[in-house]
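sequence plus predicted model, see below.
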Amino acid sequence: MGLMAATVVAGCASAGATIDDATQPQQTVFTDPNVSTIRTDAPRSSLRTIPAPVAVVRTAVQQTFLDYSIPLSMSNPAAGQIGNTDFYRTGKFMGRPMVELVSCGSGITGPNAASYRIYMSMLATYKDDGKGGTLVGMNFTAAARDVAGGATADRLPCGSTGRVETLFLERVAALIPK
């Protein structure tokens, strides 16, 4: 995980985004008294400050969800939150192959992200930074399910490469009028 985390930080830093790298607890993925417990790192938010008022940034965030064909299932302007906590794609997302965006392990046919259905949660947050700008955060999580074989209904946890968060925040910034 250390190498992957370093890659995420490096990939996001060049785009003006940062990863909230505060120590976060692990999440339990699977527990059974007969086998080992499976854990994964808790999701981390990518953050970016955009030099524009909250109302302008909120509109850009909403447009970014539309641009990437992500249906909005949750919007709470008072809390500064908008997103979708359960949607899926297979093969490609945001114009990129899924294997560039998430790591979900591999099977005999190669990376699971290439053929599994990827269930995702994307939650954007935005708030005034106190300096006339807006702090925007993107929290992305994903899980994979093999629907072709019908072998399991369980979702396997996936790790983010950081690319989804970076693409999203870059698009929001690009939509802000200069």
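That came in fine, so what should we check first?

render the CA-only coordinates of the helix ranked longest in the chain in CSV, please.
Identified as the longest helix of the chain according to DSSP state H is helix 54-67. Output of helix 54-67 as CSV, limited to C-alpha atoms (Å, rounded to 0.1, in the frame of the first residue of the first chain):
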residue,chain,number,x,y,z
VAL,A,54,-18.9,28.4,-3.3
ALA,A,55,-21.9,29.0,-5.6
VAL,A,56,-19.8,29.0,-8.7
VAL,A,57,-17.8,25.9,-7.6
ARG,A,58,-21.0,24.1,-6.7
THR,A,59,-22.4,24.6,-10.2
ALA,A,60,-19.1,23.3,-11.7
VAL,A,61,-19.2,20.2,-9.4
GLN,A,62,-22.8,19.5,-10.6
GLN,A,63,-21.8,19.9,-14.2
THR,A,64,-18.8,17.6,-13.7
PHE,A,65,-21.1,14.8,-12.5
LEU,A,66,-23.2,15.4,-15.6
ASP,A,67,-20.2,15.5,-17.9
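
what does the average pLDDT come to for the very next helix or strand once past that helix?
Where DSSP states H and E defines the elements, the next helix or strand beyond helix 54-67 is strand 74-76. Averaging pLDDT along strand 74-76 gives 94.

same question for stretch 136-143.
On average, stretch 136-143 scores 95.

next one: it to chain centre, how far?
Going by Cα atoms, centre = their mean, to the nearest Å, the spacing between the C-alpha centre of stretch 136-143 and its chain's C-alpha centre is 3 Å.

got the contact list for that stretch?
20, 43-50, 57, 61, 101-102, 104, 118-126, 155-158, 160, 164-165, 168-169, 172 (Cβ atoms under 8 Å, 6 or more residues apart in numbering). Where C-beta positions appear, they are placed from N, C-alpha and C, glycine not excepted.

that older thread, and the longest helix of the chain, what's buried?
By 16 or more other Cβ atoms under 10 Å, the buried positions in helix 54-67 come out as 54, 57-58, 60-62, 64-65.

closest one of the residues you listed to residue 132?
Distance to residue 132, by Cβ to Cβ, is smallest for residue 54 among these, at 10.1 Å.

measure that closest one to residue 105 for me?
For residue 54, the distance to residue 105 (Cβ to Cβ, to the nearest Å) stands at 39 Å.

for the protein, which segments count as strands?
Using DSSP state E, the strands of the chain run over residues 18-19, 26-30, 38-41, 45-50, 74-76, 81-90, 92-93, 96-97, 102-103, 106-107, 110-111, 117-128, 134-145, 156-160.

what's the fifth one packed up against?
Think strand 74-76. Packing partners of strand 74-76 (3 or more Cβ pairs under 8 Å, 6 or more residues apart in numbering; DSSP states H and E): strand 81-90.
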